[in-house]
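**Q** Quick one: sequence and predicted model below, then my questions.
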Amino acid sequence: ERKFFFVLEWLKVVVDIREQYPLLPLDDTLAIAKQCGYGHPAIPNKDEPKELDPVVMTTDFYIILMVDGKRIEQARTVKYAVDLQSPSVLRKLEIERRFWEARQIDWGVVTEHDIPMVLADNVEFLYPNRYLDQDSRYSRRELYSMAMLLTKSVQESTLSLRHIALDCDTALGFDPGTSLSVAYFLIANRYWEIDMHVPIQPGKRLVLLKQVDLSKLNPGG
């Protein structure tokens, strides 16, 4: 689920992600389970141990996308492929499927085979630096200065990203590691476009795929 979340985070068309979305009202899933002849997910009743209380079912992800100006809603459940061999899992999935079908919302199951793992790992790696521009330790001008110097060096040098970042720290008088965090910020926010299906390795040269536009970072812009 974590890997799939980071993939969704990276997709430009995804505008809202809701996790563990409740399938309500409960009566609807109870009715579906009865129609299918399935037992509804339940837990022991605290007051009556011999009785079971039905629990609210959830779908892992409820997603809203904007595609060509059109709002699209999707529901996705994440399972390991091996779990799809379990009859109990399949029964729960069928209840989910019918719940969303009744609402005319596209529902599907995502397994580890459907997730681009390198992309997910890269996004997760970058995530801690995504909001670096909101860090009070750096002014907008400092961030812009680092971004400009880093971008010029990455475009012109064959040195590794880590080496370039350290040179930038020295030139601008920042603590070692500062410019590397800024580099990750630039990738995470798409100021730098790279191949996200290749592992990010700071010990190697970073290749930018297109002309970089840092105008939004410019404090005077």
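**A** Cool, the structure landed.
**Q** can you tell me the average pLDDT over stretch 61-70?
**A** Stretch 61-70 shows a mean pLDDT of 97.
**Q** Buried by neighbour count: which residues of it qualify?
**A** Neighbour-count burial for stretch 61-70 flags 61-63, 65 (criterion: 16 or more other CB atoms under 10 Å). C-beta here means a position set from N, CA and C on the backbone, and glycine is covered the same way.
**Q** and if you look at stretch 120-135?
**A** Across stretch 120-135, burial judged by 16+ other CB under 10 Å covers 120, 122-123, 125-126, 129, 132-133.
**Q** do the same with stretch 7-15
**A** 7-10, 14.
**Q** Reformat the residues you listed as JSON lines; add pLDDT.
**A** Listed next are the buried residues of stretch 7-15 as JSON lines, based on pLDDT from 0 to 100:
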{"residue": "7", "pLDDT": "98"}
{"residue": "8", "pLDDT": "98"}
{"residue": "9", "pLDDT": "96"}
{"residue": "10", "pLDDT": "97"}
{"residue": "14", "pLDDT": "97"}
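**Q** Helices - which of the residues you listed land there?
**A** 7-10 (DSSP state H).
**Q** what ranges of this protein fall below the confidence cut-off?
**A** Counting by pLDDT under 70, the low-confidence segments of the chain come to 49, 221.
**Q** Please, where are all the strands along it?
**A** In the chain, the strands defined using DSSP state E lie at 14-22, 42-44, 52-54, 58-67, 70-78, 106-110.
**Q** Which one, of the ones you listed, ends up nearest to residue 189?
**A** strand 14-22 (15.5 Å; CB to CB).
**Q** That closest one versus strand 58-67: what angle between them?
**A** 160 degrees (axes from the mean of the first three to the mean of the last three CA atoms, to 10 degrees).
**Q** Pull out the buried positions in strand 14-22.
**A** 14, 17, 21.
**Q** Same check on stretch 190-206?
**A** Quick answer for stretch 190-206 (16+ other CB under 10 Å): 191-192, 194, 196, 200, 206.
**Q** again, but for stretch 47-66
**A** 57-63, 65.
**Q** Could you list the residues in contact with that stretch?
**A** Stretch 47-66 has contacts (CB atoms under 8 Å, 6 or more residues apart in numbering) with 1, 4-5, 8, 11, 13-24, 26, 29-30, 40-45, 71-78, 92, 95-96, 99-100, 107.
**Q** end-to-end on it?
**A** Terminal residues of stretch 47-66 lie 47 Å apart, using CA to CA, to the nearest Å.
**Q** what's the answer for stretch 182-196, then?
**A** End-to-end distance (CA to CA), stretch 182-196: 17 Å.
**Q** Restrict the contacts of stretch 47-66 to the buried ones and give me that as a ChimeraX selection.
**A** Filtering the contacts of stretch 47-66 down to the buried ones (16+ other CB under 10 Å) takes a single ChimeraX command:
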select :4,5,8,14,17,21,23,29,40,41,74,75,76,77,78,92,95,96,99,100,107
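**Q** picking up where we left off before, and of the strands of the chain, who's closest to residue 164?
**A** Across the strands of the chain, closest to residue 164 is strand 14-22 (CB to CB), at 31.7 Å.
**Q** quick one on the thing from earlier: now the buried residues of stretch 7-15 in a markdown table, with distance to residue 36?
**A** A markdown table is the format used below for the buried residues of stretch 7-15 (distance: CB to CB, whole Å):
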| residue | distance to residue 36 |
| --- | --- |
| 7 | 31 |
| 8 | 30 |
| 9 | 34 |
| 10 | 36 |
| 14 | 31 |
